[in-house]
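Undergrad: Next comes the sequence, and after it the predicted model I'd like to discuss.
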Amino acid sequence: MDDHSAALTLTGDIGGPPPAPPATRRAAEAAAPATPATAPAHGLTAAAAAAALLAACGGGEEAPADTGVAAAGAGTDTRRRAQAAALAPSPRDAARWLSQASFGPRSPEEVAALQAKGFAAWLDEQMALPATGHVAYLDAERARTGKRKAPEEWSYEAVWQQWLFGPDALRARVSWALLQIFVISNIAPDIRPYAMSSYLDLLNRNAFGNYRQLLQEVTLHPAMGYYLNMLASEKENPAKGTHPNENYAREVLQLFSIGLVKLNADGSPQLGADGKPVPTYDEAVVKGFAKAFSGWSFGGRDNTVARNFHKYDANNDALWTQPMKPWAMYHDVGPKTLLDGRVLPAGQSAERDLADALDCIFHHPNVGPFIGRQLIQRLVTSNPSAAYIRRVAAVFADNGRGVRGDLAAVLRAVLLDPEVRGDDTDARPRAGKQREPVLRFAQALRALGARSSSGRNAIHYLDSPEDGLGQSPLLAPSVFNFYSPNFRPAGPLAAAGLVAPEFQITSETSIVGSLNFFAKLFSRGAYGSGATRLALDYGPLAAPAMVDGAATGLIDRLDLLFFDLQMSRATRTRLQTVIAALPGGTTSKRLNRVKAALTVVAMSPDHVIQK
């Protein structure tokens with residue numbers, strides 16, 4: 001590994017003759033129905049200095065020619081979806097799908113099963129699965145341990161229980177994407193565990209539902225009410241010099257729905273006569289929404305008693321798991337200015353004002369492209385084309401049955417769009433995104449069959465860039481998430497007008513820290529200790545037929561598990577060199593080869609970048 005210097009310069013190749021077809025790929029092809037010929041595997045030119053590594057993180061300007069896989073949507077798209085559902089995906093596209101819609105492939109058998117089933121049927125099955133319960137995990141831990149008070153660590157464990165062991169992988173990925181849009185964070189830390197876990201249950205419950213319902217449940221959840229100060233926000237009191245808190249009103253507009261500027265259906269900004277983007281709202285609108293959202297406090301309390309509005313026992317877990325309730329005496333009943341000149345009349349109830357305000361947001365034309373683009377970024381690619389965004393936004397506006405905001409239809413559009421399906425990734429050389437650090441960790445644990453003797457985990461704080469991953473669920477640094485969807489690293493990407501959100505938390509420190517994290521994981525063969533020690537199963541990788549000799553079987557398996565069958569020639573050569581330098585022949589020596597190979601995988605640009 002001497003080619004990885006302190007400058008962390010990693011090189012690979014694009015194009016050129018592909019490596020010999022891996023045995024893993026041949027096995028998957030043999031196990032699946034016949035498919036059209038696949039395109040050659042290719043790599044990714046990258047330097048670990050962020051700008052060069054990022055060169056693979058863009059998106060094409062227009063969709064490629066029709067591949068037979070169409071976006072879900074209205075009208076003629078129905079016929080194209082039916083045609084797409086009838087096609088068996090190739091091994092590579094199936095592996096890519098599992099990285100985009102779950103946490104990556106876990107075996108050749110899983111890839112072959114997806115090929116036989118097809119994408120549409122897989123989506124149907126995943127969307128029909130019940131959600132893994134987060135509050136249920138806290139309840140079970142409380143019963144097991146006898147503790148009266150749940151520690152915050154249980155909420156973090158519940159996330160990883162779903163990610164690692166839950167059958168609802170698609171729901172887990174989508175709820176994680178939604179948590180990065182509708183952010184709450186315990187970075188303070190001061191959000192109660194039942195509040196966090198109940199909020200995750202909310203996101204799970206609404207992952208395939210309607211955006212309008214999701215928006216309402218987010219607005220009235222006490223975790224969000226506490227985090228962004230809508231909880232116990234009261235009407236203006238001139239005597240005290242107070243007014244309704246504007247925090248949630250501002251963020252629900254800027255971050256959760258429409259953004260700062262008016263958008264065209266393809267996500268591009270609308271420009272005014274002066275050539276500048278047209279703002280979506282001003283301070284008067286923020287104040288209007290803040291008034292519309294005033295007068296809400298904890299549910300489970302008598303809202304006819306004024307003192308209950310501010311006086312409550314925050315240690316009562318039940319208060320954190322039910323929607324907030326309105327207190328009429330604390331609601332601002334004056335008129336409210338909302339978006340695009342709409343004014344709510346005076347004298348309305350808190351319930352009516354909130355419903356009207358959320359309807360106003362929901363029907364704004366920005367929501368489809370604004371939310372659609374971010375779902376694309378979180379699941380598929382950082383720089384979707386304008387046409388891709390337009391197609392997804394059209395499905396948000398109408399799912400083909402006259403329904404606006406159908407997230408299940410939107411997700412089908414995101415994942416089945418012709419811009420992202422098919423094997424010819426060379427035709428979209430700028431398509432891709434960085435795999436988030438926590439998703440790389442989840443992928444490694446799942447792909448290597450991590451299990452503990454208790455069936456539980458103890459994954460808690462991964463947010464340190466020095467000795468962790470620089471990212472940890474429920475510990476975003478602010479309501480702006482770990483990174484902005486519009487982050488542009490200085491250099492060639494910014495000059496090309498491309499964004500690379502995940503690189504906002506990528507630095508020399510985090511690169512070295514995450515490499516050390518994964519090297520330690522693979523060296524130990526486990527994460528954690530005691531009954532929650534997640535032991536990795538190296539058996540499938542360390543079999544003599546896989547590791548001895550040129551270790552072609554091992555490299556092919558790593559190609560499927562960590563590269564979606566897109567390993568570059570440079571990475572394959574690097575792995576062959578590292579493995580050949582280590583003796584084999586015995587079980588312990590084979591394990592050393594596997595561990596060294598996995599460490600190389602963790603630092604390889606064509607693994608870090610999802611294509």
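TA: Yep, that arrived. Residues are numbered from 1 along each chain as shown.

Undergrad: The closest residue to residue 516 other than its chain neighbours - how many residues pack around it?
TA: Once flanking residues are discounted, residue 516 sits nearest to residue 467: 6.9 Å by Cβ to Cβ, 6 or more residues apart in numbering. Bear in mind the C-beta positions are built from the backbone N, C-alpha and C, glycine included. The local packing of residue 467 (other Cβ atoms under 10 Å) involves 11 other residues.

Undergrad: so what's residue 363 up against?
TA: By Cβ atoms under 8 Å, 6 or more residues apart in numbering, the contact set of residue 363 is residue 404.

Undergrad: for it, phi and psi?
TA: Per-residue torsions, residue 363: phi -90, psi 0 (degrees, to the nearest 10).

Undergrad: rewinding a little: what's the spacing between the residue nearest to residue 516 and residue 519?
TA: Separation of residue 467 from residue 519 (Cβ to Cβ, to the nearest Å): 12 Å.

Undergrad: Equivalent analysis for residue 596, please.
TA: From residue 596 to residue 519 the distance is 10 Å (Cβ to Cβ).

Undergrad: These two: which is more packed in?
TA: residue 596 (19 against 16).

Undergrad: Check whether the closest residue to the more buried one other than its chain neighbours sits in a helix, strand or coil.
TA: Take residue 596 and drop its neighbours on the chain: the residue closest to it by Cβ to Cβ, 6+ apart is residue 578, 5.3 Å away. Classification of residue 578 using DSSP: H, G, I helix; E, B strand; the rest coil returns helix.

Undergrad: Could you verify my assumption that residue 578 touches residue 597?
TA: Yes: between residue 578 and residue 597 a contact is recorded at 6.5 Å, counting by Cβ atoms under 8 Å.

Undergrad: Looking at these two, which is more packed in?
TA: Remark: of residue 578 and residue 597, residue 597 carries more neighbours, 24 against 16, as counted by other Cβ under 10 Å.

Undergrad: ok, that one touching residue 551?
TA: Yes: assessed by Cβ under 8 Å, residue 597 is found in contact with residue 551 at 7.5 Å.

Undergrad: middle-most residue in the chain, spatially?
TA: residue 177 (3.3 Å; Cα atoms, centre = their mean).

Undergrad: So for residue 597 and residue 551, which residues contact both of them?
TA: 575, 579.

Undergrad: shaky segments in the stretch 351-500 of the chain?
TA: 429 (pLDDT under 70).

Undergrad: Strands of that one, start to end?
TA: Under the criterion DSSP state E, counting those that start in this stretch, strands of the stretch 351-500 of the chain are mapped to 433-434.

Undergrad: Over to the chain?
TA: 296-297, 325-326, 336-337, 343-344, 433-434, 526-527, 534-535, 609-610 (DSSP state E).

Undergrad: Would you check how far apart the residue nearest to residue 516 and residue 457 are?
TA: 18 Å.

Undergrad: same thing with residue 96?
TA: 27 Å.

Undergrad: Nearest to residue 473 among the strands of the chain would be which one?
TA: When the strands of the chain are compared by Cβ to Cβ, strand 526-527 sits nearest residue 473, at 15.2 Å.

Undergrad: strands paired with that closest one, and their directions?
TA: strand 534-535 (antiparallel) (DSSP bridges).

Undergrad: Residues contacting the partner strand, please?
TA: Contacts for strand 534-535 (Cβ under 8 Å, 6+ apart): 164, 445, 450-452, 457, 459, 525-528.

Undergrad: just to revisit the earlier point, gap between the residue nearest to residue 596 and residue 555?
TA: Taken as Cβ to Cβ, the span from residue 578 to residue 555 is 10 Å.

Undergrad: so what's in contact with these two at the same time?
TA: By Cβ under 8 Å, 6+ apart, the residues touching both residue 578 and residue 555 are residue 597.

Undergrad: Tell me how many other residues crowd residue 141.
TA: 18.

Undergrad: now do residue 471
TA: Using other Cβ under 10 Å: residue 471 sits among 24 other residues.

Undergrad: So what does it look like in phi/psi?
TA: Torsion angles, degrees, to the nearest 10, at residue 471: phi -160, psi 140.

Undergrad: And the residue lying closest to it once chain neighbours are set aside, how far from residue 450?
TA: Nearest residue to residue 471 in three dimensions, chain neighbours excluded: residue 437, at 4.7 Å (Cβ to Cβ, 6+ apart). Relative to residue 450, residue 437 is positioned 17 Å away (criterion: Cβ to Cβ).

Undergrad: need the contact list for the residue nearest to the centre of the chain.
TA: Counted by Cβ under 8 Å, 6+ apart, residue 177 has contacts 374-375, 378-379.

Undergrad: if you set the cut-off to 6 Å instead, what comes out?
TA: Contacts for residue 177 were tallied using Cβ atoms under 6 Å, 6 or more residues apart in numbering; they are 375, 378.

Undergrad: for residue 303, same thing?
TA: The contact partners of residue 303, by Cβ under 6 Å, 6+ apart, come to 325, 327.

Undergrad: now do residue 470
TA: 437, 505, 510.

Undergrad: Could you report the neighbour count for the residue nearest to residue 471?
TA: Neighbour number of residue 437 under other Cβ under 10 Å is 26.

Undergrad: Surely it touches residue 472?
TA: No: with contact defined as Cβ atoms under 6 Å, residue 437 and residue 472 do not form a contacting pair (9.0 Å).

Undergrad: Look up how far residue 212 lies from the residue nearest to residue 471.
TA: 33 Å.

Undergrad: And for residue 521?
TA: Taken as Cβ to Cβ, the span from residue 521 to residue 212 is 42 Å.

Undergrad: same thing with residue 308?
TA: 29 Å.

Undergrad: neighbour count winner among those two?
TA: residue 212 (20 against 16).

Undergrad: And the pLDDT for that one?
TA: Residue 212 carries a pLDDT score of 98 in this model.

Undergrad: Please determine how far the closest residue to it other than its chain neighbours is located from residue 555.
TA: Distance criterion Cβ to Cβ, 6+ apart; nearest residue to residue 212, sequence neighbours excluded, is residue 362 at 4.7 Å. Computed as Cβ to Cβ, the residue 362 to residue 555 distance reads 50 Å.

Undergrad: Now do the same for the residue of the chain most remote from its centre: its pLDDT.
TA: Largest separation from the mean C-alpha position in the chain: residue 239, at 46.0 Å (Cα atoms, centre = their mean). Looking at residue 239, its pLDDT reads 92.

Undergrad: swap in the one 10 residues further on?
TA: Residue 249 is assigned 98 on the pLDDT scale.

Undergrad: can I get the contacts of strand 534-535 in a markdown table with distance to residue 107 and neighbour count?
TA: Shown next, in a markdown table, are these (distance: Cβ to Cβ, whole Å; neighbours: other Cβ atoms under 10 Å):
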| residue | distance to residue 107 | neighbour count |
| --- | --- | --- |
| 164 | 15 | 20 |
| 445 | 14 | 22 |
| 450 | 14 | 22 |
| 451 | 15 | 17 |
| 452 | 20 | 20 |
| 457 | 21 | 24 |
| 459 | 22 | 24 |
| 525 | 19 | 18 |
| 526 | 20 | 16 |
| 527 | 20 | 22 |
| 528 | 23 | 17 |
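
Undergrad: Out of those residues, which sit inside helices?
TA: 164, 445 (DSSP state H).

Undergrad: of all the contacts of residue 470, which comes closest to residue 105?
TA: For the contacts of residue 470, the nearest to residue 105 is residue 437 (19.2 Å; Cβ to Cβ).
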